[in-house]
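Peer 1: Got a predicted model here, sequence first, then my questions.
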Amino acid sequence: VVPREDAACAPCHAGGQPQRRLAEAGRSRVQEGRAGRVVAVVTPLHNETACATAACHAHGPGRTVLGLLEVELSTARLDAATAAFRWRALAASALAAALLGLAFWAFARRHVVRPVGALVAATHRVAREDLDAEVPETFEGELGLLAGAFNAMTRSLRAARADLQALLDGLERRVAERTGALEAAHQDLVRSEKLASLGKLSAAIAHEINNPISGIMTFARLIHRTLEQGAVEIGRAHV
């Protein structure tokens, strides 16, 4: 005799009045046993009409349920198989994740890391004023567009640097021409100053020479007129 509080009887007697029919969902349960988990299935033994009226039957028609049959099945083998399957699934998942990660790394290295590295290296070269740096336009997607835009930028910078160099060369040539003209003007000015100084010196020298010459010429004219007028007594001699 099993008490009504037992786990096998509780589904039918939980409400105080026994149930005449037990639903399929309430007939099975999983419980912990000494060897592990155990699945228990309870089947009520009903007092069928053919049995109640038989001569060999000990229970009358008023007895609805004669008893119950409980079958217990250990799930140790199932749990072991489940655990093994779980470990195999985990190993397969880890291997798949590793392969997927390796494939993603290879894809990212080919399509992201290498293009970005090439762009960074070209950017460093441009920062060092090496405007001949270009990125291979073999990439796909947005990185390919970015590489093309970078190359267009470097070409524009090279053209701008060439224009600026031509402008600087023209400015240097003009500065050299203006410098030559200023040097020639300076030489002319120095030459003019030298000639002016020489003229002043010549005028001063001529002035200093003209004064005694004027006196000499005056006396020479006087002597000439005197000689024209007749003999001139010089001391005691007659000329």
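Peer 2: Cool, the structure landed. Numbers count the residues shown, from 1 in each chain.
Peer 1: going forward, measure contacts and count neighbours with C-alpha atoms only.
Peer 2: Fine.
Peer 1: and Val116, how far is that from Arg110?
Peer 2: Relative to Arg110, Val116 is positioned 10 Å away (Cα to Cα, to the nearest Å).
Peer 1: Neighbour count for those two, which is higher?
Peer 2: Just comparing Val116 and Arg110: by other Cα atoms under 10 Å the higher neighbour count belongs to Val116, 16 against 13.
Peer 1: List the contacts of whichever helix or strand the more buried one is part of.
Peer 2: Following DSSP states H and E, one finds Val116 within helix 114-127. Residues outside helix 114-127 that contact it (Cα atoms under 8 Å, 6 or more residues apart in numbering) are Leu131, Asp132, Ala133, Glu134, Val135, Phe139, Leu143, Ala147, Thr154.
Peer 1: Grab the nearest non-local neighbour of Leu69.
Peer 2: With Cα to Cα, 6 or more residues apart in numbering as the criterion, Leu69 has its nearest non-adjacent residue at 5.1 Å, and that residue is Thr43.
Peer 1: Average pLDDT for the longest helix anywhere in the chain, rounded please.
Peer 2: In the chain, assigned by DSSP state H, the helix with the most residues is helix 141-229. Helix 141-229 shows a mean pLDDT of 83.
Peer 1: can you check stretch 81-101 too?
Peer 2: 93.
Peer 1: What lies in contact with it?
Peer 2: The contact list for stretch 81-101 (Cα under 8 Å, 6+ apart) is empty.
Peer 1: Could the C-alpha coordinates of it be exported in CSV?
Peer 2: Extracted C-alpha coordinates of stretch 81-101, given in CSV (Å, rounded to 0.1, in the frame of the first residue of the first chain):
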residue,chain,number,x,y,z
ALA,A,81,25.4,10.2,-24.1
THR,A,82,24.0,13.7,-23.7
ALA,A,83,27.1,14.9,-21.9
ALA,A,84,29.3,13.3,-24.5
PHE,A,85,27.2,14.9,-27.2
ARG,A,86,27.4,18.2,-25.4
TRP,A,87,31.2,18.0,-25.2
ARG,A,88,31.4,17.0,-28.9
ALA,A,89,29.1,19.8,-29.8
LEU,A,90,31.2,22.2,-27.7
ALA,A,91,34.4,20.9,-29.4
ALA,A,92,32.8,21.2,-32.8
SER,A,93,31.5,24.7,-31.9
ALA,A,94,34.9,25.7,-30.7
LEU,A,95,36.6,24.3,-33.8
ALA,A,96,33.9,26.0,-36.0
ALA,A,97,34.4,29.3,-34.1
ALA,A,98,38.2,29.0,-34.5
LEU,A,99,37.9,28.3,-38.2
LEU,A,100,35.3,31.1,-38.6
GLY,A,101,37.6,33.5,-36.6
